[in-house]
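please find the sequence and the predicted model below.
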Amino acid sequence: MTDILSRAKAHYRDRLSAPLQYVEVPEWPDEKGDPTKIYYRSSMTLSEQQEILALNQAGKVGEALIATLIAKALDEDGKKLFKLVNRQEFMRQVDSEVIAQIVSQMNQDEGLTDEEIEKN
(Lines give C-alpha, C1' and ligand atoms only; values in the text may rest on other atoms or scores of the structure.)
Protein backbone atom coordinates (compact mmCIF):
# COMPACT_ATOMS: atom_id res chain seq x y z
CA MET A 1 0.00 0.00 0.00
CA THR A 2 2.78 2.45 0.87
CA ASP A 3 4.26 2.00 -2.60
CA ILE A 4 0.97 3.03 -4.18
CA LEU A 5 0.76 6.10 -1.96
CA SER A 6 4.30 7.05 -2.97
CA ARG A 7 3.35 6.79 -6.63
CA ALA A 8 0.20 8.84 -6.03
CA LYS A 9 2.22 11.59 -4.32
CA ALA A 10 4.80 11.53 -7.14
CA HIS A 11 1.99 11.92 -9.67
CA TYR A 12 0.70 14.99 -7.80
CA ARG A 13 4.19 16.51 -7.65
CA ASP A 14 4.49 15.98 -11.42
CA ARG A 15 1.19 17.79 -11.99
CA LEU A 16 2.43 20.68 -9.88
CA SER A 17 5.58 20.94 -11.98
CA ALA A 18 3.69 20.91 -15.31
CA PRO A 19 3.74 24.14 -17.33
CA LEU A 20 1.31 26.76 -16.10
CA GLN A 21 -1.71 27.63 -18.17
CA TYR A 22 -3.16 31.11 -18.30
CA VAL A 23 -6.29 33.10 -18.95
CA GLU A 24 -6.11 36.51 -20.58
CA VAL A 25 -8.26 39.18 -18.94
CA PRO A 26 -8.63 42.18 -21.28
CA GLU A 27 -10.89 43.95 -18.76
CA TRP A 28 -7.91 44.25 -16.41
CA PRO A 29 -5.16 45.64 -18.69
CA ASP A 30 -1.58 45.87 -17.45
CA GLU A 31 0.50 49.05 -17.48
CA LYS A 32 1.17 48.64 -21.23
CA GLY A 33 -2.52 48.16 -22.01
CA ASP A 34 -2.14 44.43 -22.69
CA PRO A 35 -4.61 41.94 -21.21
CA THR A 36 -3.59 40.72 -17.78
CA LYS A 37 -2.53 37.08 -17.72
CA ILE A 38 -3.68 35.04 -14.76
CA TYR A 39 -1.75 31.80 -14.59
CA TYR A 40 -3.07 28.63 -13.00
CA ARG A 41 -2.79 24.88 -12.66
CA SER A 42 -5.76 22.65 -13.25
CA SER A 43 -5.31 20.84 -9.93
CA MET A 44 -6.42 22.00 -6.49
CA THR A 45 -6.00 20.46 -3.08
CA LEU A 46 -8.84 18.49 -1.54
CA SER A 47 -9.29 21.14 1.15
CA GLU A 48 -9.69 23.85 -1.53
CA GLN A 49 -12.20 21.69 -3.41
CA GLN A 50 -14.09 20.94 -0.21
CA GLU A 51 -14.41 24.65 0.63
CA ILE A 52 -15.68 25.46 -2.86
CA LEU A 53 -18.16 22.58 -2.84
CA ALA A 54 -19.48 23.61 0.59
CA LEU A 55 -19.99 27.19 -0.61
CA ASN A 56 -21.84 25.96 -3.71
CA GLN A 57 -24.06 23.65 -1.66
CA ALA A 58 -24.87 26.52 0.69
CA GLY A 59 -26.01 28.57 -2.32
CA LYS A 60 -23.07 30.96 -2.05
CA VAL A 61 -22.13 30.74 -5.71
CA GLY A 62 -20.36 34.12 -5.80
CA GLU A 63 -18.20 33.20 -2.83
CA ALA A 64 -17.43 29.85 -4.45
CA LEU A 65 -16.25 31.62 -7.62
CA ILE A 66 -14.02 33.91 -5.59
CA ALA A 67 -12.67 30.99 -3.54
CA THR A 68 -11.80 29.24 -6.82
CA LEU A 69 -10.07 32.34 -8.14
CA ILE A 70 -8.08 32.78 -4.93
CA ALA A 71 -7.12 29.09 -4.87
CA LYS A 72 -6.02 28.87 -8.51
CA ALA A 73 -4.75 32.33 -9.57
CA LEU A 74 -0.97 32.46 -9.87
CA ASP A 75 1.63 34.82 -11.27
CA GLU A 76 3.96 33.68 -14.04
CA ASP A 77 6.35 32.26 -11.41
CA GLY A 78 3.63 30.09 -9.88
CA LYS A 79 3.08 32.20 -6.76
CA LYS A 80 -0.41 32.91 -5.47
CA LEU A 81 -1.82 36.22 -6.70
CA PHE A 82 -4.51 36.65 -4.07
CA LYS A 83 -5.12 35.85 -0.42
CA LEU A 84 -8.21 35.03 1.59
CA VAL A 85 -8.19 38.58 2.98
CA ASN A 86 -8.97 39.79 -0.57
CA ARG A 87 -12.31 37.95 -0.58
CA GLN A 88 -14.42 40.91 0.57
CA GLU A 89 -12.82 43.25 -1.96
CA PHE A 90 -13.70 40.80 -4.72
CA MET A 91 -17.25 40.51 -3.35
CA ARG A 92 -17.85 44.25 -3.25
CA GLN A 93 -15.48 46.01 -5.63
CA VAL A 94 -14.82 43.73 -8.64
CA ASP A 95 -17.07 42.93 -11.62
CA SER A 96 -18.68 39.57 -10.92
CA GLU A 97 -19.05 38.80 -14.63
CA VAL A 98 -15.30 39.07 -15.14
CA ILE A 99 -14.64 36.81 -12.16
CA ALA A 100 -17.13 34.28 -13.55
CA GLN A 101 -15.43 34.40 -16.97
CA ILE A 102 -11.97 33.82 -15.49
CA VAL A 103 -13.07 30.93 -13.29
CA SER A 104 -15.07 29.39 -16.12
CA GLN A 105 -12.02 29.43 -18.38
CA MET A 106 -9.86 27.95 -15.62
CA ASN A 107 -12.39 25.19 -14.98
CA GLN A 108 -12.67 24.34 -18.67
CA ASP A 109 -8.93 23.73 -18.55
CA GLU A 110 -8.54 25.38 -21.94
CA GLY A 111 -5.98 27.96 -20.93
CA LEU A 112 -2.89 28.28 -23.05
CA THR A 113 0.65 27.50 -21.99
CA ASP A 114 3.51 29.60 -23.36
CA GLU A 115 4.76 26.49 -25.18
CA GLU A 116 1.40 26.06 -26.93
CA ILE A 117 1.40 29.69 -28.05
CA GLU A 118 4.91 29.36 -29.49
CA LYS A 119 3.92 26.24 -31.48
CA ASN A 120 1.08 28.10 -33.26
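In hand now; what should we look at?

wait, what's in contact with the residue nearest in space to the middle of the chain?
By C-alpha atoms, centre = their mean, the chain has its centre lying nearest to Lys72, at 2.4 Å. By C-beta atoms under 8 Å, 6 or more residues apart in numbering, Lys72 lies in contact with Tyr40, Arg41, Met44, Val103, Met106. The C-beta positions use only the backbone N, C-alpha and C, and glycine is treated the same way.

now, these that are in helices?
Here DSSP state H is the test, and those give Val103, Met106 as lying in helices.

and the contacts of Lys72, which two are the farthest apart?
Arg41 and Val103 (14.0 Å; C-beta to C-beta).

who has more neighbours out of those two?
More neighbours sit around Val103 than around the other of Arg41 and Val103, counting by other C-beta atoms under 10 Å; the figures are 22 against 18.

what about the more buried one, distance to Asn86?
Distance of Val103 to Asn86, computed by C-beta to C-beta, to the nearest Å: 15 Å.

just Trp28 next, same as before
From Trp28 across to Asn86, the span is 14 Å (C-beta to C-beta).
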